[in-house]
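sequence and computational prediction follow.
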2 protein chains.
Amino acid sequence: MHYTVGKLAKATDTKAVTIRYYESQGLLLSAERTAAGYRLYTDKERDRLLFIRRSRALGFTLDDIRGLLSHADHREASCASVDAKVKDQLEQVRLRLADLRAMELELERLSACCEGGVIGECRIVESLSGRSQKPTVAGPPPGP
Amino acid sequence: MHYTVGKLAKATDTKAVTIRYYESQGLLLSAERTAAGYRLYTDKERDRLLFIRRSRALGFTLDDIRGLLSHADHREASCASVDAKVKDQLEQVRLRLADLRAMELELERLSACCEGGVIGECRIVESLSGRSQKPTVAGPPPGP
DNA sequence: GCTGATGGTTATAGTTACTATAAGGTCAAG
DNA sequence: CTTGACCTTATAGTAACTATAACCATCAGC
């Protein structure tokens, strides 16, 4: 099976620009080209892209993935380091989960204390500027 | 009480560069200056900065915060829209929580299935490239 | 008074993982 | 033969900072 970028994009639920971006970042090798210069992909590249997308969905950075891919390319090597990366990522995810749970709790608390008055008496605004309490969550999270 | 950027930074657990950045983005008004051009802040600005930091820690974007601040500046206005923003943010947080929980689950599963062999047989790598299953989590999350 | 450490100032560029835009070339269908 | 969908490249923009450079101010100790 052969794919142009667009076809590959659809087959992997990715955008064409993103595929080209991955190529520019060295995650996908330079694809073959037609006479007109169109990229041509095979199932092999599709699988590699799926690997990337799936890893991204699990929160790995492109840098992580570069590492995972280089490991995966050496089938005879030990998979201990791959496992270590997964465990590491799991830890990161758990930290972020704890942060988010704290945020959820506090937002719930905030939301519950609004009684529909005017801002001068709004406890939300009050709470947000209150210097009595230290922030309950770690640091500013990465924005979406 | 008067603060220079550095003092304010310490008092609010922020970096000086970040404070200047907030000023450049219109979240903090231009501070007064000493003869030498040093920024000088008072408790009022410190509170405003705490509001910003606290809101950031709860996941609001700087844009959200600009909105919250402009509301907070009109004490006689209704606080309904502030409440709406909090509820909105709560929803976002819950979505991200669900995503992260799915990631946690899958990473646990992956981690459990590594038996310390070589990569050729590693089920982690296999799972990550597996095209049988659709990703279980929404989209690529924001990196850290 | 001098010197060095510390801390202030600006402007510019880099980060991550894309996304958007522009300006143009290719291809299949009607 | 033209229309429209698709491909190509290069460049700039996004969020929320962070890092760097090059320079000026303040203060403690000698």
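Sure thing, it's come through.

so where's chain A shaky on pLDDT?
Residues of chain A that meet the criterion pLDDT under 70 lie in A:75-76, A:115-144.

state the helix or strand in which the residue nearest to A:Gly67 when sequence neighbours are not counted lies.
Leaving aside its chain neighbours, A:Gly67 sits nearest to A:Lys85 (6.8 Å; criterion: C-beta to C-beta, 6 or more residues apart in numbering or on different chains). Quick note: C-beta positions are derived from backbone N, CA and C, even for glycine. In the assignment (DSSP states H and E), A:Lys85 maps to helix A:80-112.

dihedrals phi and psi, the residue nearest in space to the middle of chain A?
Among the residues of chain A, the one closest to the centroid is A:Gly59, at 4.1 Å (C-alpha atoms, centre = their mean). Backbone torsions of A:Gly59, given as degrees, to the nearest 10, read phi 100, psi 0.

same deal with A:Tyr41?
According to degrees, to the nearest 10, A:Tyr41 has phi -120, psi 160.

now do the contacts for it.
With contact taken as C-beta atoms under 8 Å, 6 or more residues apart in numbering or on different chains, A:Tyr41 is in contact with A:His2, A:Tyr3, A:Thr4, A:Val5, A:Lys7, A:Leu8, A:Ala31.

does DNA strand D have contacts with stretch A:98-108?
No. With C-beta under 7 Å from any atom of the strand as the criterion, DNA strand D is not reached by stretch A:98-108; the gap is at least 14.2 Å.

got the buried residues for that stretch?
A:Asp99, A:Leu100, A:Ala102, A:Met103, A:Glu104, A:Glu106, A:Leu107 (16 or more other C-beta atoms under 10 Å in any protein chain shown).

quick check: closest non-adjacent residue to the last one.
The shortest distance from A:Leu107 to any residue that is not its chain neighbour, by C-beta to C-beta, 6+ apart, is 4.2 Å, and that residue is B:Leu90.

same check, this time on the second one
Closest residue to A:Leu100 apart from its sequence neighbours, by C-beta to C-beta, 6+ apart: B:Leu97 at 5.1 Å.

how about the fifth one?
In this structure, A:Glu104 finds its nearest non-sequential neighbour in B:Val93, 5.1 Å apart by C-beta to C-beta, 6+ apart.

all helices of chain A, in order?
Per DSSP state H, chain A carries helices over the ranges A:5-12, A:16-24, A:43-57, A:62-72, A:80-112, A:123-129.

can I get these in TSV with distance to A:Ala35?
Shown next, in TSV, are those (distance: least, C-beta to C-beta, whole Å):
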stretch	distance to A:Ala35
helix A:5-12	16
helix A:16-24	19
helix A:43-57	19
helix A:62-72	30
helix A:80-112	40
helix A:123-129	61
